[in-house]
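Q: Show me the folded form of this:
(one chain, ligands or ions: 1)
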Amino acid sequence: MKVLVIGSGGREHALVWKLAQSPRISQMWCAPGNAGISQELLAKNGAQVETVGIGAEDLPQLLAFAKENKVELTVVGPDNPLPLGIVDLFQKNGLRIWGPNQKAAQFESSKVFSQQFMEKYGIPTARAGTFNDPAAAKAFAASLSGHCAVKADGLALGKGVLICSSVDEANRAIDEILVSRHFGAAGSKIVIQEFLEGIEISMHALCDGKTAKLFPTSQDHKRALDGDLGLNTGGMGAYSPAPFLPYANEFPMGGWESILKPWLRGCSAEGIDFHGILYPGIMLTHGGPRVLEFNARFGDPETQVYLTRLENDLLDLIEASIDGTLSPLELKWNPMTSVCVVLASGGYPGNYQKGKPIRGLEEAGKLPNTKIFHAGTAVANGQIVTNGGRVLGVTALGADLRLAREAAYAAVERIQFEGAYFRRDIGAKGLV
Ligand code: AMP
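A: Here you go, the predicted model:
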């Protein structure tokens, strides 16, 4: 089978790496890919994965490429092409593609849509209101004493959520999004949620329109610095499973079913045919699990820890997700723990420099049970150099969380580039 993967980050490197192990894939491209992706070889015939210089949002070029090269399956990694309708476009042209269509992608592309859906179908979430009028928004924030999360409705590169702890802060956040339009049109509406305390975990479920197969738990680390300090980032590291809750169906108080059942019922009532990954962000509160938001694709860096544990052929699962035949399949997971530590460019998530040569990749990649996923990398003058904020996702398996952390950090220590920084406490929350 000829497969095209869309995207260029660590998540896409993990998707390419795992798909390359399938005995059924004979040719693979990645658009636009990165330096690590173009080093992957297919298990079936040793062919190298080819990177193609087309951006993930360039739908006409992607479609033309898929037609011209007789691509038999396209796998969409990132969120941004989904609300642009890439799945609808490919399907209209008779091409097989994996990911939610435009209507289903609203779970991620509109926080107002998601919040209203959760309220309509009784999915446990935070107390919330949706607004386009700043005065009404401020009155609601004041009723929460300013302890709230103010969220731009649309996609804002993961930066559209402002956590507030006073009325002043909330008013500033509301003005920033609704009045100054800091996030452009993504901020024409907002959701304000009460601030929830608890342990945050990431859930993933593979969906085929009727059935959802739950993954083990994982935990992401959104803030830039140790101790959850600093700015919000795309994610500085992840691990799976979370030892305090290895299986999400063990959720206290209502369990995962209290989220999934009404979600499936709502999808069916609203005519939403969801094929792909449903990835809710969940706060485990004293009152039970509460959904903070929905994403409609794999998390990054959760993908890196999930796919290093997944024992099934990912191609089989993706095909079953497209065809609506997931129900009899069993997801099989390596019982080891996986830890991914992100190496980032100095200055990220603010401004940073690119083009810094990366040393030690080969040596680190040879360590047992270790895989270095590339995110922001490129080749310049025959050398692998930095090309983004998040540069590498150093991922290792261990018999338990402590050993997996040791292995991941042993590999991190072997890699250097100018300005590199990383968190030293990835997974530490799971050890206590
Ligand atoms: P979101 O993109 O909506 O998941 O928000 C980004 C991050 O903000 C989450 O990962 C949480 O850490 C935090 N957050 C969002 N909503 C809330 C809330 N209602 N209470 C507490 N923290 C929140």
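Q: residues in the stretch 101-250 of the chain within reach of the ligand, list them.
A: Neighbours of the ligand within the stretch 101-250 of the chain, by CB under 6 Å from any ligand atom: 126, 149, 151, 161, 163, 193, 195-196, 200, 222. All C-beta spots, glycine's among them, are computed from the backbone N, C-alpha and C.
Q: The stretch 201-350 of the chain: helices as residue ranges?
A: Using DSSP state H, counting those that start in this stretch, the helices of the stretch 201-350 of the chain run over residues 257-270, 302-307, 314-323.
Q: Confirm for me that Leu214 is in contact with Pro241.
A: No - Leu214 is beyond contact range of Pro241, at 11.9 Å (criterion: CB atoms under 8 Å).
Q: Indicate which one of the helices of the stretch 201-350 of the chain is closest to the ligand.
A: Comparing the helices of the stretch 201-350 of the chain by their distance to the ligand (CB to the nearest ligand atom), the top pick is helix 302-307, with 12.2 Å.
Q: Give the partner strands of the helix or strand that contains Thr130 in its sheet and their orientations.
A: Element membership of Thr130, judged by DSSP states H and E, is strand 128-131. Sheet pairing of strand 128-131 (DSSP bridges) gives strand 190-194 (antiparallel).
Q: Return the partner strand as CSV; C-alpha atoms alone will do.
A: Taking Å, rounded to 0.1, in the frame of the first residue of the first chain, the C-alpha atoms of strand 190-194 are listed here in CSV:
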residue,chain,number,x,y,z
ILE,A,190,-15.0,33.0,24.1
VAL,A,191,-15.8,30.3,26.6
ILE,A,192,-15.2,31.0,30.3
GLN,A,193,-14.9,28.0,32.5
GLU,A,194,-14.7,27.9,36.3
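Q: In this protein, which residue is most central in space?
A: For the chain, the residue nearest the mean C-alpha position is Gly299 (1.5 Å; CA atoms, centre = their mean).
Q: Surely it is in contact with Ala238?
A: Yes - between Gly299 and Ala238 there is a contact under CB under 8 Å: 7.4 Å.
Q: if we can go back for a sec, mind checking which of the residues of the stretch 101-250 of the chain next to the ligand are buried?
A: Neighbour counting by 16 or more other CB atoms under 10 Å classes 126, 149, 151, 161, 193, 195-196, 200, 222 among these as buried.
Q: what are the bridge partners for the residue of the stretch 1-150 of the chain found nearest the ligand, then?
A: Going by CB to the nearest ligand atom, the ligand is nearest to Ala149 of the stretch 1-150 of the chain, at 3.6 Å. Bridge pairing for Ala149 (DSSP bridges) gives the partners Ile163, Gln193.
Q: okay, now Ser38: neighbour count?
A: 18 (other CB atoms under 10 Å).
Q: Contact partners for it?
A: Taking CB atoms under 8 Å, 6 or more residues apart in numbering, we find Ser38 in contact with 30, 48-51, 379.
Q: just Val339 next, same as before
A: Counted by CB under 8 Å, 6+ apart, Val339 has contacts 237-239, 305, 395-396, 398, 401, 404-405, 407-408, 426-427.
Q: quick one: the strands in the stretch 151-300 of the chain?
A: 161-165, 190-194, 199-202, 205-208, 212-214, 219-220, 223-225, 229-232, 237-240, 275-285, 288-295 (DSSP state E, counting those that start in this stretch).
Q: Reformat those as TSV; add mean pLDDT.
A: Formatted as TSV, the strands of the stretch 151-300 of the chain follow (pLDDT from 0 to 100):
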stretch	mean pLDDT
strand 161-165	94
strand 190-194	98
strand 199-202	87
strand 205-208	96
strand 212-214	91
strand 219-220	94
strand 223-225	95
strand 229-232	90
strand 237-240	97
strand 275-285	94
strand 288-295	93
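Q: just those strands: most buried one?
A: strand 237-240 (a mean of 29; mean count of other CB atoms under 10 Å).
Q: mind listing what it pairs with, with the direction of each?
A: strand 219-220 (antiparallel), strand 337-344 (antiparallel).
Q: how about low-confidence regions in this protein?
A: Within the chain, the segments meeting pLDDT under 70 span 246-255.
Q: Kindly recompute the last result at 80.
A: Along the chain, the parts satisfying pLDDT under 80 run over 157-159, 244-256, 432.
Q: Residue of the stretch 251-400 of the chain nearest the ligand, please.
A: Nearest to the ligand, among the residues of the stretch 251-400 of the chain, is Glu293, at 3.4 Å (CB to the nearest ligand atom).
Q: Bridged to that residue, which residues?
A: Gly281.
Q: Give me the distance between Phe183 and Ser114.
A: From Phe183 across to Ser114, the span is 17 Å (CB to CB, to the nearest Å).
Q: more neighbours, those two?
A: Ser114 (25 against 21).
Q: So the more buried one, which state does it fall into?
A: At Ser114 the chain is in helix, as set by DSSP: H, G, I helix; E, B strand; the rest coil.
Q: and the gap between it and Gln416?
A: For Ser114, the distance to Gln416 - CB to CB - is 41 Å.
Q: before we move on, the earlier item: most tightly packed of the strands paired with strand 237-240?
A: strand 337-344 (a mean of 28).
Q: Can you list the buried residues in the next helix or strand after that strand?
A: On the C-terminal side of strand 337-344, the closest following helix or strand by DSSP H and E is helix 361-365. Neighbour counts over helix 361-365 (16+ other CB under 10 Å) mark 361, 364-365 as buried.
Q: ok, now stretch 46-61?
A: 49, 51, 54, 56, 58-59.
Q: Next: stretch 147-162.
A: So stretch 147-162, judged by 16+ other CB under 10 Å, has buried residues 147-156, 159-162.
Q: can I get those in JSON lines with distance to Ser327?
A: Putting the buried residues of stretch 147-162 into JSON lines (distance: CB to CB, whole Å) gives the following:
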{"residue": "His147", "distance to Ser327": "42"}
{"residue": "Cys148", "distance to Ser327": "40"}
{"residue": "Ala149", "distance to Ser327": "36"}
{"residue": "Val150", "distance to Ser327": "40"}
{"residue": "Lys151", "distance to Ser327": "34"}
{"residue": "Ala152", "distance to Ser327": "37"}
{"residue": "Asp153", "distance to Ser327": "34"}
{"residue": "Gly154", "distance to Ser327": "34"}
{"residue": "Leu155", "distance to Ser327": "32"}
{"residue": "Ala156", "distance to Ser327": "36"}
{"residue": "Lys159", "distance to Ser327": "38"}
{"residue": "Gly160", "distance to Ser327": "36"}
{"residue": "Val161", "distance to Ser327": "35"}
{"residue": "Leu162", "distance to Ser327": "41"}
